[in-house]
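Colleague: Sequence plus predicted model, see below.
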Amino acid sequence: MGAVVGADIADPQIEHIHTAVAIVLIGIFQKVVSILKIKYRKFGHIITFEPTVVIWDGQFIVPNLKEIRYSIDNVLQMLRENDVFDISDVHLGIVEANGKLSVLKKVNKAELTVEDMNITGKVVSLSYPIVVDGKVHRDTLAKLNLSESWLREQLKNNKINSLEEVFFASVNMKKELHISLKEYMKDANKIIPIYN
């Protein structure tokens, strides 16, 4: 948008009405695209990339780097921004859809935790999304050696009758299921706003 306005300011020959129309159309286009991304996940997948694993057990996954067009320099910089200076310290590195790198360090390289200090705390592990907006990720379930019947049984145990009630569900390697229902916090006005 800045380029459109800049062109109008730089060239007095251009009529302001054309610039105003262009700005309005760009704004409408951006709004439509964002609505479509939210409403239709497949559309969002087409115009953005999925979270992509680029580091596994201290090794770069080159085909995935090429697929998302990231250089090793990009990833190394993002590792440093995550306070990781040795790739061998990384168990898992994921480039998220927003372009940022999420890092899960190897157990022996992780920061000091409450468990290390013999204080009772919860163990953190990677969770895998298995239901998104009521749709089951069967491929993820299969890779975790789980079935859709296992998932339905877990939902039933949590008094959830239908997958349509589930907004998001994930499972970790301990087979612990986390469920977020569509109806939870339906009234977003109850959420306390956070300001910068």
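Modeller: Received the coordinates, thanks.

Colleague: so where do the helices sit in the protein?
Modeller: Along the chain, counting by DSSP state H, helices occupy 2-10, 16-39, 41-47, 62-68, 72-81, 138-143, 148-157.

Colleague: can those go into a markdown table with extra columns for distance to Ser180, mean pLDDT and mean neighbour count?
Modeller: No exception for glycine: its C-beta is placed from N, CA and C like everyone else's. Output for the helices of the chain, formatted as a markdown table (distance: least, Cβ to Cβ, whole Å; pLDDT from 0 to 100; neighbours: other Cβ atoms under 10 Å):
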| stretch | distance to Ser180 | mean pLDDT | mean neighbour count |
| --- | --- | --- | --- |
| helix 2-10 | 38 | 64 | 11 |
| helix 16-39 | 16 | 86 | 12 |
| helix 41-47 | 16 | 78 | 12 |
| helix 62-68 | 27 | 85 | 13 |
| helix 72-81 | 28 | 89 | 14 |
| helix 138-143 | 16 | 93 | 13 |
| helix 148-157 | 12 | 94 | 14 |
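
Colleague: I'd like to know which of the ones you listed lies nearest to Val103.
Modeller: Set against Val103 and scored by Cβ to Cβ, those come closest in helix 72-81, at 6.7 Å.

Colleague: Quick check, pLDDT for Gln59.
Modeller: For Gln59, the model assigns a pLDDT of 81.

Colleague: For Tyr70, see how far away it is.
Modeller: In this view, Gln59 and Tyr70 are 15 Å apart by Cβ to Cβ, to the nearest Å.

Colleague: So for those two, which residue has more residues nearby?
Modeller: Ranked by neighbour count (other Cβ atoms under 10 Å), Gln59 and Tyr70 place Tyr70 first, with 18 against 12.

Colleague: if we can go back for a sec, so for Val90, which of the helices of the chain sits nearest?
Modeller: helix 72-81 (7.0 Å).

Colleague: May I see the helices of the chain organised as JSON lines, with distance to Ile87 added?
Modeller: Below are the helices of the chain laid out as JSON lines (distance: least, Cβ to Cβ, whole Å):
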{"stretch": "helix 2-10", "distance to Ile87": "37"}
{"stretch": "helix 16-39", "distance to Ile87": "32"}
{"stretch": "helix 41-47", "distance to Ile87": "28"}
{"stretch": "helix 62-68", "distance to Ile87": "13"}
{"stretch": "helix 72-81", "distance to Ile87": "7"}
{"stretch": "helix 138-143", "distance to Ile87": "24"}
{"stretch": "helix 148-157", "distance to Ile87": "35"}
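
Colleague: Tell me which of those lies nearest to Leu126.
Modeller: Between the helices of the chain, helix 138-143 lies closest to Leu126; by Cβ to Cβ that is 12.0 Å.

Colleague: how far is the closest one from where the chain is centred?
Modeller: Distance, stretch centre to chain centre, for helix 138-143: 18 Å (Cα atoms, centre = their mean, to the nearest Å).
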